[in-house]
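S.K.: here is a sequence together with a model predicted from it:
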Amino acid sequence: MSIKGQETRGFQSEVKSLLHLMINSIYSNKEIFLRELVSNASDAADKLRFRALSQPTLYETDSELRLRIALNKEKRTIILSDNGIGMRRAEVIENLGTIAKSGTKAFLDSMKSDHLKEHPLIGQFGVGFYSVFIVADKVTVRTRAAGAHADEGVFWESAGEGDYTIADIIKPDRGTDITLYLRKCEDEFLDAFRLKSIIQKYSDHIALPVEIAIPTKIDAEVSDEPVITWEKINKAQALWTRKKKEISDEEYKEFYKHLSHDYSDPLSWSHNSVEGQQEYTSLLYLPAKAPMNIWHREHKHGLKLYVQRVFIMDDAEQFMPNYLRFMKGLIDSKNLPLNVSREILQDSRITHNLKAALTKRALLMLEKLAKDDPKQYQSFWKEFGLFLKEGVGEDSANRNVVAKLLRFASTYSDSQTQTVSLEEYVGRLEKGQEKIYYITADSYSSAKSSPHLELLSKKGIEVLLLSDRIDEWMMSYLTEFDGKGFQSVSKSDPELDKLADKDQEEKKEAEKALQPFVERVKKYLGERIKEVRLTHRLTDTPAIVITDTNDMTTQMAKLFASAGQTAPEIKYIFELNPENALVKRTANISDDETFSEWIELLLDQALLAECGTLEDPNKFIRRMNHLLKA
C-alpha cells in the first residue's frame, strides 16, 4: 500500500473523553457496534443514490450497492466494506476526529463509568463510529469518495487513545473499508453465525444488502486457496414499504434506532400510507428520552426525506413544526420531484400540505398516548413538555389540541410535578366559577406561597402554578379553554373581587373609616404607584401589588430583561388589607416621618413578594431593623 502525506493528529478533547469511557468501561450491550457500522454504511449508500441522480458517473462501473463483511480468525479481524459515497481527506478528519455536537464535553465531564447503563452514550451525540473501540484495540479505515481519482484515497488508523494517523493512499474502488482488530476477550465476534444473528436482529429492515463471506474449500490438487462466496444476510427491503401487518414491534423499534441512533426504545410510532391527490408514506416515532443537546441552536432535527423510495436528505425540518422537533421518522413522497432542494421545499405547496398532515398525525399520537397510558405520557411530558408549550404560540391552527396536551402543577395537590390537564381543571370548577385561575412565578415554591392565592385558597378554588420561564409567554396566547377564559391572580380583575365575602356591611364601614388613610398613602407615593386601594383578597398578608388588566406582568418584564430588551416601566396597583393589624397600626400613625417609613416597608414587602428582588435590598433591611428596634 503506497502511503503519502502521512501525519499524526490529536483527537478533539471530547473524543478523547468518550474513547476513554468506551475503552475503560464495561458497556452493557457490546454488539451495538455492528449496528452502528451497518447503519453508517446504509447512509453512505443512500447519499450515493441521491447524488447519482444528477451525476450517474459517480457509480463508476459498480451500481450494485452493498455492504460486505469478512472475518479472519487468525488475524482476529472483522472487515466491513461498503461501496457507498466514501470520504475525502477533510471529511475523514471532520467525521472521525471530531464530535460536532455542542454540550458533549459538559456531559462527559459529569459522566462516571457506573452511570453508563442508566445514560448510555451511543446515540446521545451521533458517536456511533466510536463504539468500535468497545470491542477493538485498533481500527483502520480505507476510503475513497465517489468521483475522486484512485490516488485520492485516505487511510485512517487509531488505537483509540489520544491521537490518530491519517495519510493519502491509492484505492482503486470507491467506498469505505473498516478493519477492526478485536481485543482478546471478544472472540464471540469472530463467529460468522453470531454476526449474522446480530445483523438480522438490528439491520434486517435497511434497504442495503448486507453480505458475509463464506469460505469454501476446493480441490486441494487444483489450489489451496478457498473460494469466497457471499451470503446475503438481511431482507434488504425498506421497512416502511412493507405492509404494517407484516412488521413486528421489534422491527419497528430496531428501525427507530437505525433512524435516530438512539439506544432506547421509542414510546410509540405511527406508520401510514396515504393515497389520493397526495401520495406518501410516513413513519413517525415518539422518542422516550430527549438528547442532551436538543436545546442547542445547532441541534439538527427533522424527518428523513425520500422521494419514490430514493433518499433525498436528512433532517428535513420543513415537514414538522419547530415545537415538534423531538419527533423522529421519515416521509416518502410520490409527488415531490427527485431534484428537490431545501429552498424548493420551503416554498412548495405540497410541503405545506404534508406538514399540516404530519403535524396532525403527531398530535394524534400524543393524544392517544395521553388517553391510553397516562403514566407513559407523564414520562413524555417530563422530557418534552416545554416544547409543547412553545406550540401554543407557534401553531394557532392546532392551539386547542395542544392545550389539551398541556400539564400543570396546581393547588389541587402538594406536588410540584406537572400532572393536571386543563380538562381536569375545568371538571373541578366551583359552582359559578367562570375563569381558569393561574399564577406565574420564578419557581414552584414562589407560586405556591404567593399572597395572591390567599382568598382563592380560602374559597377552595384551584389555581394553576406556572413556574417555567416560557409560561408567561405561553399564557399571552392561551386566552380560553372550553369556553372558560384564563385569569392571572396577580392582575386586577372584578371577578376576583366578587369572590370576597358577600356580607360587606361591616367591611364597608371599615373601608369608609380608612379612606383618609388611603388618600394619605396616595399623596405620599405619588407617581410611583398607579393606584392605592383597599382589598379583601388577602387574609394574612398586609399588602400586595398587582398589575392592571392590560398592563405588562412582572414575569413578562423579566422575560424582556433576560433577552436583553428594555421592558416598559410597570406602574403597580398597591392594595392594602384593611383587616391586617400592621395596616391598622400604620393608619393610626400621625408622625409623617414614621408613617412614611411604614408605608415604604409595606410597599417593599409587596414588591419583594411580587418580583423576588428589590432595587436596594440593603435599604429595605436597614428600614426593617430600624422599625423593629422602635
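M.R.: Noted; the coordinates are in hand. Numbers count the residues shown, from 1 in each chain.
S.K.: low pLDDT regions in the chain?
M.R.: 1-2, 12-28, 98-127, 216-226, 297-298, 500-507 (pLDDT under 70).
S.K.: okay, now the domains of it?
M.R.: The chain breaks down into these domains under automatic domain parsing: 3-233, 240-372, 407-498, 505-629.
S.K.: export the ones you listed to JSON lines and tack on mean neighbour count and distance to G393?
M.R.: The way it works is simple: take the backbone N, C-alpha and C, and place the C-beta from them, glycine included. Below are the domains of the chain laid out as JSON lines (neighbours: other Cβ atoms under 10 Å; distance: least, Cβ to Cβ, whole Å):
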{"stretch": "domain 3-233", "mean neighbour count": "17", "distance to G393": "26"}
{"stretch": "domain 240-372", "mean neighbour count": "17", "distance to G393": "9"}
{"stretch": "domain 407-498", "mean neighbour count": "17", "distance to G393": "4"}
{"stretch": "domain 505-629", "mean neighbour count": "15", "distance to G393": "12"}
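S.K.: closest one to K389 among those domains?
M.R.: Ranking the domains of the chain by their distance to K389 (criterion: Cβ to Cβ) puts domain 407-498 first, at 4.8 Å.
S.K.: could you say which helix or strand holds I214?
M.R.: I214 belongs to strand 210-216 when assigned by DSSP states H and E.
S.K.: should've said S282
M.R.: Using DSSP H and E, the secondary-structure element containing S282 is strand 280-286.
S.K.: equivalent analysis for Q416, please.
M.R.: Under the assignment here (DSSP H and E), Q416 is part of no helix and no strand.
S.K.: which residue ranges form the helices in the stretch 501-630 of the chain?
M.R.: Here the stretch 501-630 of the chain has its helices, by DSSP state H, counting those that start in this stretch, at 505-525, 554-562, 581-587, 592-611, 617-629.
S.K.: so how far is the first residue of stretch 284-302 from its last?
M.R.: Taking Cα to Cα, to the nearest Å, the first and last residues of stretch 284-302 lie 11 Å apart.
S.K.: correct me, but Q308 touches N335?
M.R.: No. In this structure Q308 lies outside contact range of N335 using Cβ atoms under 8 Å: 9.5 Å.
S.K.: tabulate the domains of the chain (TSV), appending distance to A397.
M.R.: Formatted as TSV, the domains of the chain follow (distance: least, Cβ to Cβ, whole Å):
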stretch	distance to A397
domain 3-233	32
domain 240-372	8
domain 407-498	13
domain 505-629	25
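S.K.: can you check which of the ones you listed gets nearest to V401?
M.R.: Distances from V401 to each of the domains of the chain were compared using Cβ to Cβ; the shortest belongs to domain 240-372, at 5.1 Å.
S.K.: pretty sure I178 is in a helix, no?
M.R.: No. Assessed with DSSP: H, G, I helix; E, B strand; the rest coil, I178 is strand; it does not lie in a helix.
S.K.: show me what it is bridged to.
M.R.: In this structure, I178 has beta-bridge partners L80, V141, where bridges are defined by DSSP bridges.
S.K.: circling back: partner strands of the strand holding I214, parallel or antiparallel?
M.R.: When pairs are called by DSSP bridges, strand 210-216 turns out to pair with strand 67-72 (parallel), strand 227-232 (antiparallel).
S.K.: can you show me the strands along the stretch 351-500 of the chain?
M.R.: Counting by DSSP state E, counting those that start in this stretch, residue ranges of the strands within the stretch 351-500 of the chain are 409-410, 435-440, 464-466, 480-481, 484-488.
S.K.: which one of the ones you listed lies nearest to E279?
M.R.: If you check each of these against E279 by Cβ to Cβ, strand 480-481 wins as the nearest, at 36.8 Å.
S.K.: any idea how far the closest one is from the chain center?
M.R.: From the chain centre to the centre of strand 480-481 is a distance of 27 Å (Cα atoms, centre = their mean, to the nearest Å).
S.K.: strand partners (parallel or antiparallel) of that strand?
M.R.: Sheet pairing here is set by DSSP bridges, and for strand 480-481 it gives strand 484-488 (antiparallel).
S.K.: where along the stretch 51-200 of the chain do the strands fall?
M.R.: Taking DSSP E, counting those that start in this stretch as the criterion, the stretch 51-200 of the chain carries its strands at 67-72, 77-82, 136-144, 153-158, 163-169, 175-182.
S.K.: what's the first one in contact with?
M.R.: When contacts are defined by Cβ atoms under 8 Å, 6 or more residues apart in numbering, strand 67-72 is touched by residues 38, 41-42, 45, 77-82, 190, 192, 195, 199, 208-213, 228, 230.
S.K.: end to end, how far does stretch 472-479 reach?
M.R.: 12 Å.
S.K.: now G391. Nearest residue, chain neighbours left out?
M.R.: Distances taken as Cβ to Cβ, 6 or more residues apart in numbering put Y323 closest to G391, at 3.7 Å, once the chain neighbours are dropped.
S.K.: which residues sit in contact with that neighbour?
M.R.: Contacts were defined as Cβ under 8 Å, 6+ apart; by that measure Y323 touches 387-388, 390-391, 394-395, 402.
S.K.: how near is it to A356?
M.R.: Distance check for Y323 against A356: by Cβ to Cβ, to the nearest Å, it reads 14 Å.
S.K.: do L182 as well
M.R.: When L182 is compared with A356 (using Cβ to Cβ), they lie 51 Å apart.
S.K.: next: P172.
M.R.: Spatial separation of P172 from A356 under the definition Cβ to Cβ is 49 Å.
S.K.: wait, what's in contact with Q200?
M.R.: Contacts of Q200 were listed using Cβ under 8 Å, 6+ apart, and they are 233-234.
S.K.: I'd like the numbering to begin with 17 instead of 1 from here.
M.R.: In the new count, where the first residue is 17, that last one comes out as Q216.
S.K.: that one and V155, how far apart?
M.R.: The span separating Q216 from V155 equals 24 Å under the rule Cβ to Cβ.
S.K.: now do the same end-to-end measure for stretch 79-94.
M.R.: Here the two ends of stretch 79-94 are set 25 Å apart, with distance taken as Cα to Cα.
S.K.: ah, wrong one, I meant stretch 536-545
M.R.: Taking Cα to Cα, the span from the opening residue of stretch 536-545 to its closing residue is 13 Å.
S.K.: same question for stretch 515-529.
M.R.: OK, stretch 515-529 end separation, Cα to Cα: 23 Å.
S.K.: before we move on, what about stretch 569-584?
M.R.: For stretch 569-584, the separation between the terminal residues is 10 Å (Cα to Cα).
S.K.: likewise for stretch 566-575?
M.R.: The separation between the terminal residues of stretch 566-575, taken as Cα to Cα, is 17 Å.
S.K.: what's next to it, contact-wise?
M.R.: 456-458, 485, 487-489, 492, 504, 506-507, 546, 563, 583-584, 586-587, 626-627.
S.K.: how far away from the center of its chain is it?
M.R.: For stretch 566-575, the gap between its own C-alpha mean and the chain's C-alpha mean amounts to 27 Å (Cα atoms, centre = their mean).
S.K.: quick one: closest of the helices of the stretch 517-646 of the chain to E511.
M.R.: The stretch from the helices of the stretch 517-646 of the chain with the least distance to E511 (Cβ to Cβ) is helix 521-541; that distance is 18.2 Å.
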